[in-house]
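**Student:** quick one, what's the 3D model for this:
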Amino acid sequence: MTTTNTLPIALEGERRTFDTDSGTISYYVDRTCGSGVPLVLIHSINAAASAYEVKPIYDHYRGARPVAAIDLPGYGFSTRRAIRYTPRIMTDAIHAWIEQIAAETGAGQVDAVACSVACQYLARAAEERPERYRSVGLLSPAGVDSDAQAGQNAEATRGKPWLYRAITGSTAVSKTLFAGLASRRSIRYFLEKTFGGKDVDQGLVDYAYRSAHQPGARHAPWSFLSGYLFSADAAGLYRRLSQPVWLAYGTRSDFSDAAARDIVEQHTASTVVSFDTGALPHFQQLDAFVAGYDRFLDTLDARH
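**Tutor:** Got it, this is the predicted structure:
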């Protein structure tokens, strides 16, 4: 598989880095407007993920409030080590990043929004350090069907050791398999499933392809595809959140009304919003998306 080091930046503003036990973490920040609660954005997990997945939200709030977006370990400009990636690694990266944001801005809390599988990591981070999060935004959260495994320890995943060994045991096999997965045709196919139709954002397709052709790009996706990046207790995590929750999803995604009600039924300060879109509604109905999110944020401001 051909790789290249010429990955362009995904977002405007300043790209910064800091070091962790899992390697260097890259993130984007725009502090044109230096006041207010920072908004932090976390992309999903897939074969070609990056901070580009939150670009419409980031671009909308630039200049209106402090905003930042992370490249999770194994993706974008962050270190792509040949390791088995887990929810613990991702959650700890979020912890370290939020502390970095706090040190830079002096803000004690953030409003955080995550997409799909990464909602599990945000929920875990918010449960472990609730004082850091004013609110939690979940976009088409994954793992709501994990009730059968609820109650397991925080490190339990849905990982399949035999599958992970099969796709990582041979470097030649691993590279060949990933070359097919990271082809333009494959990326567009999976994004059409994500968008619920053919109206896929071309910029996202192009950036995903470039990102998936960086050195080490296959390592985190193999952990994802073999189940190691899925928490066994995700459904319980969502239910236990103590912060106000904004849950948004597209009716053309795999997420359901029943799943939404189940997550927030115990959260009196929470809001559920649906859109006639796929799993990333901010790409397809940005105006309605930010209007709904702003209404939610207004309720938080009114409480203080």
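**Student:** the longest helix in this protein is where?
**Tutor:** With DSSP state H applied, the helix covering the greatest number of residues in the chain is identified as helix 87-105.
**Student:** what sits against residue 204?
**Tutor:** Contacts were defined as CB atoms under 8 Å, 6 or more residues apart in numbering; by that measure residue 204 touches 52-53, 55, 191, 283. All C-beta atoms are positioned from the backbone trio N, CA, C, and that covers glycine.
**Student:** ok, 10 Å please
**Tutor:** Residues touching residue 204, when contacts are defined by CB atoms under 10 Å, 6 or more residues apart in numbering, comprise 10, 48, 50, 52-53, 55-56, 187-188, 191, 194-195, 280, 283.
**Student:** does residue 122 lie in a helix or a strand, and which?
**Tutor:** If you go by DSSP states H and E, residue 122 is part of helix 118-128.
**Student:** buried ones in that helix, by neighbour count?
**Tutor:** Residues of helix 118-128 classed as buried by neighbour count (16 or more other CB atoms under 10 Å): 118-127.
**Student:** now residue 212: how far from residue 203?
**Tutor:** 15 Å (CB to CB, to the nearest Å).
**Student:** settle it for me: which of these two has more neighbours?
**Tutor:** For residue 212 versus residue 203, the count of surrounding residues by other CB atoms under 10 Å is larger for residue 212: 26 against 13.
**Student:** verify the stated contact: that one with residue 181.
**Tutor:** Yes: in this structure, residue 212 sits in contact with residue 181. The criterion is CB atoms under 10 Å, and the distance is 7.9 Å.
**Student:** shared neighbours, these two?
**Tutor:** 1, 46-48, 187, 218, 221.
**Student:** widest-spaced pair of these?
**Tutor:** By the measure CB to CB, the shared contacts of residue 212 and residue 181 have their two most distant members at 1 and 46, which lie 17.0 Å apart.
**Student:** okay, these two: which has more neighbours?
**Tutor:** Between residue 1 and residue 46, counted using other CB under 10 Å, residue 46 has the larger neighbour count: 24 against 16.
**Student:** correct me if wrong: the more buried one contacts residue 52.
**Tutor:** No: the pair formed by residue 46 and residue 52 falls short of the contact definition of CB under 10 Å, at 11.9 Å.
**Student:** what is in contact with the two at once?
**Tutor:** The contact sets of residue 46 and residue 52 overlap at residue 208 (CB under 10 Å, 6+ apart).
**Student:** residues contacting the residue lying closest to residue 230 once chain neighbours are set aside?
**Tutor:** With CB to CB, 6 or more residues apart in numbering as the criterion, residue 230 has its nearest non-adjacent residue at 4.2 Å, and that residue is residue 158. With contact set as CB under 10 Å, 6+ apart, residue 158 has these partners: 87, 143, 146, 149, 226-232, 234.
**Student:** list only buried entries from those.
**Tutor:** Buried by 16+ other CB under 10 Å: 87, 143, 146, 149, 226, 228-232, 234, out of the contacts of residue 158.
**Student:** of those residues, closest to residue 176?
**Tutor:** Taking CB to CB as the measure, residue 176 lies nearest residue 226 of those, at 16.7 Å.
**Student:** hang on, isn't that closest one packed against residue 177?
**Tutor:** No: judged on CB under 10 Å, residue 226 makes no contact with residue 177 at a distance of 11.9 Å.
**Student:** ok, which stretches of the protein are strands?
**Tutor:** 14-20, 23-30, 39-42, 67-71, 110-115, 133-139, 245-250, 271-275 (DSSP state E).
**Student:** paired strands for the fifth one, with orientation please.
**Tutor:** Within its sheet, strand 110-115 is paired with strand 39-42 (parallel), strand 133-139 (parallel), according to DSSP bridges.
**Student:** using PDB, write out every CA atom in it.
**Tutor:** As requested, the backbone C-alpha atoms of strand 110-115 are provided in PDB (Å, rounded to 0.1, in the frame of the first residue of the first chain):
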ATOM      1  CA  VAL A 110     -15.900  22.500  28.700                       C
ATOM      2  CA  ASP A 111     -18.900  21.600  26.500                       C
ATOM      3  CA  ALA A 112     -17.900  18.400  24.700                       C
ATOM      4  CA  VAL A 113     -19.400  16.800  21.600                       C
ATOM      5  CA  ALA A 114     -18.300  13.400  20.300                       C
ATOM      6  CA  CYS A 115     -19.400  11.300  17.300                       C
END
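**Student:** avg pLDDT for it?
**Tutor:** Looking at strand 110-115 alone, the average pLDDT works out to 97.
**Student:** mean confidence score for stretch 28-46?
**Tutor:** With pLDDT averaged residue by residue, stretch 28-46 scores 91.
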